[in-house]
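Trainee: fold the following, please.
(one chain, ligands or ions: 1)
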Amino acid sequence: MIEVANLSKEYGQRRAVQDLTFQVSPGEVYALLGPNGAGKTTTLRILSTLIRPTKGRAKVAGFDVAREPLEVRRRLGLVNGGMRVYDRLTGREVLRFFAGFYGLEGQAFQEALDWVADLLEMEETLERRVLEMSTGMRQKVVIARAILHRPPVLLLDEATAGLDVFARRALLNFVKAYRQLGNAIIYSTHVMSEAEEVADRVSFLHQGRLVYEGSKEEALALGEGSLEEAFVRRVKEAA
Ligand SMILES: Nc1ncnc2c1ncn2[C@@H]1O[C@H](COP(=O)(O)OP(=O)(O)OP(=O)(O)O)[C@@H](O)[C@H]1O
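Mentor: Here you go, the predicted structure:
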């Protein structure tokens, strides 16, 4: 569902991502792990067609991100930590506005709304103004907006940033439910414990390079039960 081949991105002299290759299958959560500046956001921005790669290729649902960006966008949802939505609107109004971009109106909008409200357990959030929502409720609106069109590919970039324990739990449960529907998910974070909970496979990104990729179980074995330890060991070996 996601294919990345020898992908590189340079900002002037700075190499943000170097020669990255990986694939993600339908029904799989792929954790992209690494510290700040490792290149995670750059990778997701390329996949979501916001920036172009300097070298290499990436495909989403079979469509090339550089040559067929509109086809890619139709099949993809993106969630960043700290994304904003319009304060004065209710949850329902925000979602109606964005649904319009996907051509979801009338009955189709209502069906999409019922679907996301159920999946994210957010019925009461729909009637409240964003201004009056908790951070967790707001994040549900952000996620709902990203999946209204039921994309088979979902990219989550530090999506739990700023969330309390209940909201984080709700998000992790949602990730599991969305995978269960057969969708491909990239879960990008520097919080290794979250990946331990939701990932099927993990990769470690360090200074723009993929220094490790394996099943979560293999990575945990490498770190004697800890992904953080596995990351540190792999980075030392790669140095
Ligand atoms: N627009 C830009 N112009 C110049 N350099 C950039 C730009 N965007 C990112 N970089 C650099 O590219 C590298 C990778 O950044 P990126 O944001 O992809 O990392 P990250 O793993 O997502 O980290 P974070 O969690 O801090 O966002 C960093 O060295 C960063 O400073």
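Trainee: give me the buried stretch members for the helix or strand of the chain with the lowest mean pLDDT, please.
Mentor: Within the chain, no helix or strand scores below helix 123-127, which has a mean of 87 by mean pLDDT, DSSP states H and E. For helix 123-127, a neighbour-count test (16 or more other Cβ atoms under 10 Å) marks 125-126 as buried. Heads up, the C-betas are built off the backbone N, CA and C, glycines and all.
Trainee: quick one: contacts of it?
Mentor: The contact list for helix 123-127 (Cβ atoms under 8 Å, 6 or more residues apart in numbering) reads 90-92, 95, 113, 117, 133, 137, 140-141.
Trainee: by contact count, what packs against the helix or strand that it is followed by?
Mentor: Next in sequence after helix 123-127, counting helices and strands by DSSP states H and E, comes helix 135-147. Here helix 135-147 touches strand 76-80, helix 91-101, helix 106-120, helix 123-127, helix 165-180, going by 3 or more Cβ pairs under 8 Å, 6 or more residues apart in numbering; DSSP states H and E.
Trainee: in the third one, what counts as buried?
Mentor: The neighbour-count check on helix 106-120 (16+ other Cβ under 10 Å) flags 109, 112-113, 116-117, 119-120 as buried.
Trainee: which one of the residues you listed is nearest to the ligand?
Mentor: Set against the ligand, the nearest of those by Cβ to the nearest ligand atom is residue 120 (24.6 Å).
Trainee: residues contacting that closest one?
Mentor: By Cβ under 8 Å, 6+ apart, residue 120 lies in contact with 140, 143-144, 170, 174.
Trainee: do the same with residue 76
Mentor: Shown in contact with residue 76 (Cβ under 8 Å, 6+ apart): 47-48, 60-61, 151, 153-155.
Trainee: is the ligand contacted by the strand or helix carrying residue 16?
Mentor: Element membership of residue 16, judged by DSSP H and E, is strand 14-24. Yes - applying Cβ under 6 Å from any ligand atom, one finds that strand 14-24 is in contact with the ligand at 14, 16.
Trainee: could you dump the helices and strands packed on helix 135-147 to a markdown table with distance to the ligand?
Mentor: Below are the helices and strands packed on helix 135-147 laid out as a markdown table (distance: least, Cβ to the nearest ligand atom, whole Å):
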| stretch | distance to the ligand |
| --- | --- |
| strand 76-80 | 9 |
| helix 91-101 | 24 |
| helix 106-120 | 25 |
| helix 123-127 | 27 |
| helix 165-180 | 17 |
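Trainee: the ones you listed: lowest mean pLDDT?
Mentor: Looking over the helices and strands packed on helix 135-147, mean pLDDT reaches its minimum on helix 123-127, with a mean of 87.
Trainee: show residues contacting the helix or strand hosting residue 211.
Mentor: Using DSSP H and E, residue 211 falls within strand 209-215. With contacts defined as Cβ under 8 Å, 6+ apart, strand 209-215 is touched by 18-22, 39, 200-205, 219, 222, 230-231, 234-235, 237-238.
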